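Asks: I'd like to go over a predicted model; first the sequence, then the structure.
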Amino acid sequence: MYYLTATNICYRTRNREILSGIDFELALGEFVVILGPNGAGKSTLLRTLTGFLTPTSGEIFLQQKKLGSYSIELLAEKRAVMQQQISLDINLSVFDIITFAKPQPSSLLTQSTNNSHYLADDTLCQILEMTECTSLLNRDVAALSGGEKQRVLLARTLYQIWDNSQEGTGIFLDEPTSALDLYFQQHLLKLIKQLSVEKNIAVCAILHDVNLAALYADRLYVLKEGKILIQGSPNTVMTHSDFLNWYNLDGGIHYHPLAITTPQIYLRP
Ligand SMILES: Nc1ncnc2c1ncn2[C@@H]1O[C@H](COP(=O)(O)OP(=O)(O)OP(=O)(O)O)[C@@H](O)[C@H]1O
């Protein structure tokens with residue numbers, strides 16, 4: 001039984017069809033990546049699957065219940081979303097940003113003489129450590145680097161649903177690694193993959209790096225001009241004879257030297 005199913009989703013705005021006839025499924029414990037060129041409709045699809053946009057037609061079920069019938073509070077317990085274009089140029093601490101989606105007991109905030117210092121609960125400590133955000137907790141979020149902000153947003157997404165994972169939860173990530181250096185791209189994608197398996201979380205991420213997607217995802221969807229062109233295992237999808245054409249790429253496909261069934265794209269110099 002799927003955590004989320006979408007059937008024949010269309011989304012139209014300003015007389016333009018941005019999504020057409022999308023069928024999508026996501027299971028608990030599964031890591032699914034949405035791929036596709038710029039403007040394909042990936043963020044619109046993610047916003048539709050998470051209830052931020054209402055499809056013009058089609059149906060979405062989250063744990064066998066219509067997505068539109070969830071209250072905001074219940075939806076926030078069932079799924080967390082890391083959006084691409086959230087602005088963090090605000091006067092809040094990292095603690096505030098991460099814990100915002102979940103009410104905190106006032107005991108977590110202690111006043112020192114001049115400054116406020118924040119005490120993290122066990123869950124928060126664990127998530128801060130995993131995302132390597134521990135040293136950032138008392139920092140002003142507006143002063144963080146782009147990569148630090150992105151790690152904080154991932155920590156926030158995990159924190160929102162962490163304690164509910166036994167009831168079945170999902171995380172939806174729009175380009176979660178776009179500002180990260182190579183170390184953190186690997187570290188956080190490995191972490192997400194591990195959490196999907198160990199905590200049985202459903203994960204759906206948009207990625208531009210098809211090679212990273214092939215290494216970590218269980219299943220890929222390729223979206224172009226608002227339509228799903230193909231879905232399946234990385235091997236099925238990336239070895240399709242049109243895969244490079246869908247991206248207009250001048251390159252080829254070979255296999256990863258260590259993960260020998262995982263296809264990787266190379267670009268022609
Ligand atoms: N509110 C809107 N009004 C009009 N057009 C929109 C709106 N939102 C998105 N679009 C258009 O829909 C198309 C899909 O946008 P979307 O952001 O979903 O693409 P994407 O695949 O996530 O792109 P990228 O990889 O560049 O982030 C684009 O052509 C975009 O300009």
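Replies: Nice, I can see it.
Asks: looking at it, residue 233 is touching residue 221, isn't it?
Replies: No. Between residue 233 and residue 221 there is no contact under Cβ atoms under 8 Å: 11.6 Å. Bear in mind the C-beta positions are built from the backbone N, C-alpha and C, glycine included.
Asks: residues contacting the residue nearest the centre of the chain?
Replies: The centroid of the chain falls nearest to residue 173 when counting by Cα atoms, centre = their mean (1.4 Å). Residues in contact with residue 173, defined by Cβ atoms under 8 Å, 6 or more residues apart in numbering, are 81-82, 154, 157, 192, 203-206.
Asks: That one: what secondary structure?
Replies: strand (DSSP: H, G, I helix; E, B strand; the rest coil).
Asks: between residue 233 and residue 221, who's got more neighbours?
Replies: Legend: neighbour count by other Cβ atoms under 10 Å for residue 233 and residue 221, higher for residue 221 (25 against 16).
Asks: what pairs with the strand or helix carrying the more buried one, and is each one parallel or antiparallel?
Replies: Counting by DSSP states H and E, the element that carries residue 221 is strand 219-224. Using DSSP bridges, strand 219-224 pairs in its sheet with strand 31-35 (parallel), strand 227-232 (antiparallel).
Asks: Can you tell me which of these is most buried?
Replies: Of all these, strand 31-35 carries the top mean neighbour count, a mean of 26, counting by mean count of other Cβ atoms under 10 Å.
Asks: returning to what we had before: go ahead and produce CSV holding the CA coordinates of the strand holding residue 221.
Replies: Written as CSV, here are the backbone C-alpha positions of strand 219-224 (Å, rounded to 0.1, in the frame of the first residue of the first chain):
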residue,chain,number,x,y,z
ARG,A,219,13.2,5.0,-8.2
LEU,A,220,13.3,8.0,-10.6
TYR,A,221,10.6,10.0,-12.4
VAL,A,222,11.6,12.0,-15.4
LEU,A,223,9.4,15.0,-16.0
LYS,A,224,9.5,17.2,-19.2
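Asks: when you scan that strand, is anything in it near the ligand?
Replies: No. Contact of strand 219-224 with the ligand (Cβ under 6 Å from any ligand atom) is absent, the minimum separation being 6.6 Å.
Asks: neighbouring contacts of that strand?
Replies: Residues contacting strand 219-224 (Cβ under 8 Å, 6+ apart): 22, 24, 30-37, 40-42, 45, 213-214, 228-234, 237-238, 243, 246.
Asks: Which residue ranges of the stretch 101-250 of the chain form helices?
Replies: Listed in chain order, the helices of the stretch 101-250 of the chain (DSSP state H, counting those that start in this stretch) span 122-130, 146-161, 182-198, 210-216, 234-238, 243-246.
Asks: Which neighbouring elements make contact with the fifth one?
Replies: Under the contact definition 3 or more Cβ pairs under 8 Å, 6 or more residues apart in numbering; DSSP states H and E, helix 234-238 sits against helix 210-216, strand 219-224, strand 227-232, strand 263-267.
Asks: Just the mean pLDDT for that helix, thanks.
Replies: Averaging pLDDT along helix 234-238 yields 96.
Asks: Now do the buried residues in it.
Replies: Neighbour counts using 16 or more other Cβ atoms under 10 Å place 234, 237-238 of helix 234-238 among the buried residues.
Asks: possible to save the residues you listed as TSV with distance to the ligand?
Replies: Shown next, in TSV, are the buried residues of helix 234-238 (distance: Cβ to the nearest ligand atom, whole Å):
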residue	distance to the ligand
234	19
237	16
238	18
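Asks: Pick the one among the residues you listed closest to residue 164.
Replies: residue 234 (29.3 Å; Cβ to Cβ).
Asks: three-state assignment of the closest residue to residue 19 other than its chain neighbours?
Replies: Spatially, and ignoring its direct neighbours in sequence, residue 19 is nearest to residue 11 (4.0 Å; Cβ to Cβ, 6 or more residues apart in numbering). Three-state call for residue 11 (three-state DSSP): strand.
Asks: hang on, residue 11 packs against residue 49?
Replies: No. With contact defined as Cβ under 8 Å, residue 11 does not reach residue 49; the gap is 10.7 Å.
Asks: So between these two, which is more surrounded?
Replies: Neighbour totals were compared for residue 11 and residue 49, and residue 49 leads with 26 against 22 (other Cβ under 10 Å).
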